[in-house]
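Trainee: Fold the following.
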Amino acid sequence: MPALATRPSLATDLRIAVNRLSRTLRNQKADTTVTDAQFSALARLHRDGAMTLADLSRQDGVTPPSMTKTVAVLMDRGLVSKHLHGDDRRKVLIGATEAGAAFVEETRRRRDDWLTPRLTALTPAERATLTEATEIMRRLAQQ
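Mentor: From the prediction side, this is the model:
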């Protein structure tokens, strides 16, 4: 076993492994021309329902001008639509269309289809370890 000083840190190892897995999973999209930012916004609208551009920007952690560009592309592709807010006619809500919802669901299916056989090939002990690690990673992401 290498000396502690020469061994990569857990932070480095975890960061590299998570980034590699994340990159591979992100590529499992129904259409690879949709960017990660576009998919993130679309998936949020699909999961959380229609919202204003300001709310979508805030929740996705991007500036309103950046989200405006993202939404414009998604609208051009027919994945989101705009409609007036029911309570405040000055506000516009953005929501996923049926095509947008189908895109999100197909992308999630493809990602699960890529990951499931790899998880199945692991030993029961390795899957148990990943189950525990998944909860730990959720907690890390919330800090």
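
Trainee: So for this protein, the centremost residue is which one?
Mentor: By CA atoms, centre = their mean, the chain has its centre lying nearest to S40, at 4.9 Å.

Trainee: these two touch, right, it and Q59?
Mentor: No - counting by CB atoms under 8 Å, S40 stays clear of Q59, with 9.7 Å between them. In this view, the C-beta of every residue, glycine as well, is placed from N, C-alpha and C.

Trainee: mind showing which ranges of this structure have poor pLDDT?
Mentor: Applying pLDDT under 70 to the chain flags residues 1-7.

Trainee: who touches stretch 14-28?
Mentor: By CB atoms under 8 Å, 6 or more residues apart in numbering, the surrounding residues in contact with stretch 14-28 are D36, F39, T107, R110, R111, D113, W114, L115, M137.

Trainee: hang on, the earlier thing: just list the residues touching the residue nearest to the centre of the chain, thanks.
Mentor: Neighbours of S40 in contact, by CB under 8 Å, 6+ apart: D60.

Trainee: for the one 3 residues further on, same thing?
Mentor: If a contact means CB under 8 Å, 6+ apart, then A43 has V104, T107 as its contacts.

Trainee: so which helix or strand takes in it?
Mentor: Assessed by DSSP states H and E, A43 sits inside helix 36-48.

Trainee: and that helix, how far out from the chain's middle?
Mentor: Distance of helix 36-48 from the chain centroid (CA atoms, centre = their mean, to the nearest Å) equals 7 Å.

Trainee: Kind regards, and thank you for your time.
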